[in-house]
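Novice: Sequence below, structure please.
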Amino acid sequence: MYYAFVLYYLLLERAASRIPVAGFAQRLAKSVLWQRAYSTFLRVPFIIYPLALLGLSIAFTMLVDRARSFEPADVTSRDLPLQFIYVRDKNWFVTYKHVRALAFFVVCSQSLTLAALYAATRTRKLKRFDIAVTVVAIAGFFATSFLYRTLESTDIYSYVANARLGMIGSYASHIRVSDPGLRGVTELTWGVLPPSPYGPLWHLYNGWVANTSSLVQATLRIRAYNASILVILIVGLVAARVRPATILLLGLNPFVYQQFIVNAHNDLTPVAALTLGAVFARRSMWFPVVAAIAAGLIKLPLCLVGIVTLVAIRSRAVRVTMTVLIVATVAVLSLAFGGKAYIEALLNVSNRAVTHDRMQAALHACAAVLALFSIGYAILTRRRFWPGLVAIPTLSGSMYPWYLFWLVPTAFAGVDVAAPLLIAFPVVSLFLSDVFGQGGLVRVVSYGLIGLAAVFYAAMCAPSTSGNARTIA
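Specialist: Numbers count the residues shown, from 1 in each chain. The predicted structure is shown next:
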């Protein structure tokens with residue numbers, strides 16, 4: 001499904017680039033109807049947007065919880081502190097079309113509300129009351145995310161198991177966990193715990209965060225750790241003087257809280273490091289370099305994402321040199337601390353990720369090649385080929401909704417064009433969900449909505465994103 005979205009974005013970007021932007025924007029801005037509609041829209045109280053997004057986030061997590069209540073009794077281990085949806089038969093969930101349709105309606109509402117929030121705040125200065133409301137809403141997101149016990153993914157339990165096994169133990173194949181609670185979840189989901197695909201730096205801090213005697217404490221500590229990383233990311237963007245409207249799209253985005261606080265995926269730490277490296281690149285070229293190395297030592301493909309953030313460097317020779325330095329450093333440190341066991345674990349995971357569907361495998365390979373081309377193109381020319389960059393998540397062997405977040409650092413490199421990505425995340429992530437994956441007419445309608453939004457955004461904002469705002473020598 002994601003590969004179809006990449007192709008769709010490629011065609012859409014080409015179509016949007018041919019719109020007569022200046023004439024269209026000027027005629028629209030001068031029309032009386034537009035001026036009246038826009039002035040009415042701007043009078044909507046700011047407090048409506050954070051509260052609406054918080055409510056829509058709660059609505060989605062309630063739908064997830066409702067879906068869990070439909071499960072057969074033997075699917076979910078009732079002894080676990082956080083229960084989860086585990087669908088052994090992928091066709092099982094179509095029986096509950098009303099829940100799936102509601103999920104689609106909720107995420108479309110999330111994206112549309114984010115778009116309205118961005119339009120309302122893009123050109124106006126936030127007041128103290130607006131900032132206070134935003135802080136309270138973010139606190140509400142954190143509180144509700146901590147309270148929900150239903151997961152769409154079992155990754156958080158694998159993190160706890162990895163913390164107890166240690167780095168070398170986690171890289172071994174066919175692991176059986178001795179802890180009774182964790183044994184239940186691993187046997188229920190994987191049969192045996194698969195080898196860890198994560199780098200030595202992740203194992204270092206994950207062992208500190210999640211290695212506790214209590215399974216409840218371990219899961220809560222992982223969520224709390226991710227919450228602290230998200231706060232650091234938001235504060236860092238504020239310190240870097242990123243456009244407030246874009247920061248609001250990140251800080252009030254239901255997708256972010258659902259994937260990285262509720263489900264507590266570990267991609268948040270490396271992506272946050274890469275994003276901060278990108279926005280601080282104009283102060284020193286070492287910020288994106290160090291961030292890319294750290295990200296690669298957490299998740300190997302993310303060092304390639306970090307390379308794109310080097311577009312802020314004017315000199316091509318320096319960009320190429322830093323690229324070689326990043327790749328070499330990640331390779332040497334991974335071998336030094338992870339050793340042969342880490343390489344074997346990566347190969348094991350890659351073999352398991354290979355699909356038997358030849359068409360899907362071919363599409364995945366083509367998308368990955370397109371992503372690699374776009375990364376090389378960015379380094380050599382300092383231009384971002386977006387149809388290729390949106391394929392970056394395919395550099396992983398498998399595709400999951402939270403991998404969409406890998407695109408965020410590339411959007412903050414050079415000119416800030418993160419808004420359309422952050423707005424689209426809730427809808428696009430639903431297509432990649434094993435639980436709420438959509439089909440048929442729903443996809444056609446949602447593609448149309450995304451297409452109209454993307455074309456309109458390209459038409460309105462193309463003149464202001466033609467160059468690179470953040471550059472260093």
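Novice: Which parts of the stretch 351-473 of the chain are helices?
Specialist: For the stretch 351-473 of the chain, the helices defined by DSSP state H, counting those that start in this stretch cover 358-381, 386-389, 408-412, 419-431, 441-461.
Novice: which of the residues in the helix or strand that contains residue 54 are buried?
Specialist: Secondary structure here is read from DSSP states H and E; on that basis residue 54 sits in helix 48-69. Neighbour-count burial for helix 48-69, with 16 or more other CB atoms under 10 Å as criterion, is recorded at 49-54, 56-61, 63-64, 67-68. C-beta: built from backbone N, CA, C; applies to glycine.
Novice: Least reliable of the helices of the stretch 351-473 of the chain by average pLDDT, please.
Specialist: Among those, helix 441-461 carries the lowest mean pLDDT, a mean of 49.
Novice: Packing partners of the helix holding residue 54?
Specialist: If contacts are counted by 3 or more CB pairs under 8 Å, 6 or more residues apart in numbering; DSSP states H and E, helix 48-69 sits against helix 97-121, helix 128-147, strand 150-151, helix 254-257.
Novice: which residues sit against the last one?
Specialist: Meaning helix 254-257. Where contact means CB atoms under 8 Å, 6 or more residues apart in numbering, the residues beyond helix 254-257 that reach it are 53, 56-57, 60, 110, 141-142, 144-145, 230, 250, 404-405, 425-426, 429.
Novice: For residue 337, grab the count of nearby residues.
Specialist: 15 (other CB atoms under 10 Å).
Novice: Once you drop chain neighbours, what's closest to it?
Specialist: Sequence neighbours aside, residue 200 is the residue nearest to residue 337 in space, at 3.7 Å (criterion: CB to CB, 6 or more residues apart in numbering).
Novice: Just to check, that neighbour is in contact with residue 330?
Specialist: No. Look at residue 200 against residue 330 with CB atoms under 8 Å: they stay out of range, at 10.5 Å.
Novice: ok, those two, which is more surrounded?
Specialist: Summary of the neighbour comparison: residue 200 and residue 330, criterion other CB under 10 Å, with residue 330 having more neighbours (23 against 18).
Novice: which SSE is the more buried one in?
Specialist: Here residue 330 sits within helix 316-353, counting by DSSP H and E.
Novice: so for that helix, what's the average pLDDT?
Specialist: Per-region confidence: helix 316-353 scores 86 on mean pLDDT.
Novice: Give the buried residues for it.
Specialist: Along helix 316-353, the positions that meet the burial threshold by neighbour count (16+ other CB under 10 Å) are 319, 322-323, 326-327, 329-330, 333-334, 338, 341-342, 345-346, 348-349.
Novice: before we move on, what about stretch 217-233?
Specialist: Buried residues in stretch 217-233, counting neighbours by 16+ other CB under 10 Å, are found at 218-227, 229-230, 233.
Novice: Inside strands: which ones of those residues?
Specialist: In this view, the buried residues of stretch 217-233 have no member that belongs to strands under DSSP state E.
Novice: can you redo these as CSV with pLDDT?
Specialist: As requested, the buried residues of stretch 217-233 are exported to CSV (pLDDT from 0 to 100):
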residue, pLDDT
218, 87
219, 87
220, 89
221, 92
222, 94
223, 93
224, 94
225, 96
226, 96
227, 96
229, 96
230, 96
233, 96
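Novice: So which of those sit within helices?
Specialist: 218-227, 229-230, 233 (DSSP state H).
Novice: returning to what we had before: can you redo the helices and strands packed on helix 48-69 as CSV with distance to residue 379?
Specialist: Below are the helices and strands packed on helix 48-69 laid out as CSV (distance: least, CB to CB, whole Å):
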stretch, distance to residue 379
helix 97-121, 30
helix 128-147, 35
strand 150-151, 38
helix 254-257, 28
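Novice: Most tightly packed of the ones you listed?
Specialist: A comparison of the helices and strands packed on helix 48-69 by mean neighbour count, using mean count of other CB atoms under 10 Å, puts helix 254-257 on top with a mean of 27.
Novice: Show me what the next helix or strand after it is in contact with.
Specialist: Past helix 254-257, heading to the C-terminal end, the next element that is a helix or strand (DSSP H and E) is helix 268-279. Outside of helix 268-279, the residues that reach it under the criterion CB under 8 Å, 6+ apart are 202, 205, 226, 229-230, 232-233, 236-237, 240, 242, 260, 287-292, 294-295, 298-299, 302, 305-306, 309, 312, 405-406, 408-410, 412-413, 470.
Novice: any idea of the pLDDT on residue 237?
Specialist: We have a pLDDT of 93 for residue 237.
Novice: wait, it sits on residue 247?
Specialist: Yes. When contacts are counted by CB under 8 Å, residue 237 is listed as touching residue 247 (5.0 Å).
Novice: give me the low-pLDDT residue ranges for the protein?
Specialist: Under the criterion of pLDDT under 70, the regions of the chain flagged as low confidence span 1-42, 66-99, 173-192, 350-358, 387, 414-416, 434-473.
Novice: Backbone torsions only: list them for residue 313.
Specialist: Recorded main-chain torsions at residue 313 are phi -90, psi 130, according to degrees, to the nearest 10.
Novice: so it makes contact with residue 281?
Specialist: Yes. Counting by CB under 8 Å, residue 313 sits close enough to residue 281 to count as a contact (7.5 Å).
Novice: Comparing the two, which residue is more hemmed in?
Specialist: With other CB under 10 Å as the criterion, residue 313 and residue 281 differ in neighbour count, and residue 281 comes out ahead with 26 against 23.
Novice: what about that one, which SS state?
Specialist: Remark: residue 281 carries the secondary structure label coil [criterion: DSSP: H, G, I helix; E, B strand; the rest coil].
Novice: quick one: it and residue 377, what's the gap?
Specialist: In this structure, residue 281 lies at 18 Å from residue 377, with CB to CB, to the nearest Å as the measure.
Novice: Next: residue 65.
Specialist: From residue 65 over to residue 377 the distance is 44 Å, taken as CB to CB.
Novice: returning to that earlier point: quick one: buried ones out of the contacts of helix 268-279?
Specialist: Judged by 16+ other CB under 10 Å, buried ones among those: 202, 226, 229-230, 233, 236-237, 240, 242, 260, 287-292, 294-295, 298-299, 302, 305-306, 309, 312, 405-406, 408-410, 412-413, 470.
Novice: if we can go back for a sec, next, the angle from the helix holding residue 330 to helix 358-381.
Specialist: Orientation check (axes from the mean of the first three to the mean of the last three CA atoms, to 10 degrees): helix 316-353 against helix 358-381 gives 170 degrees.
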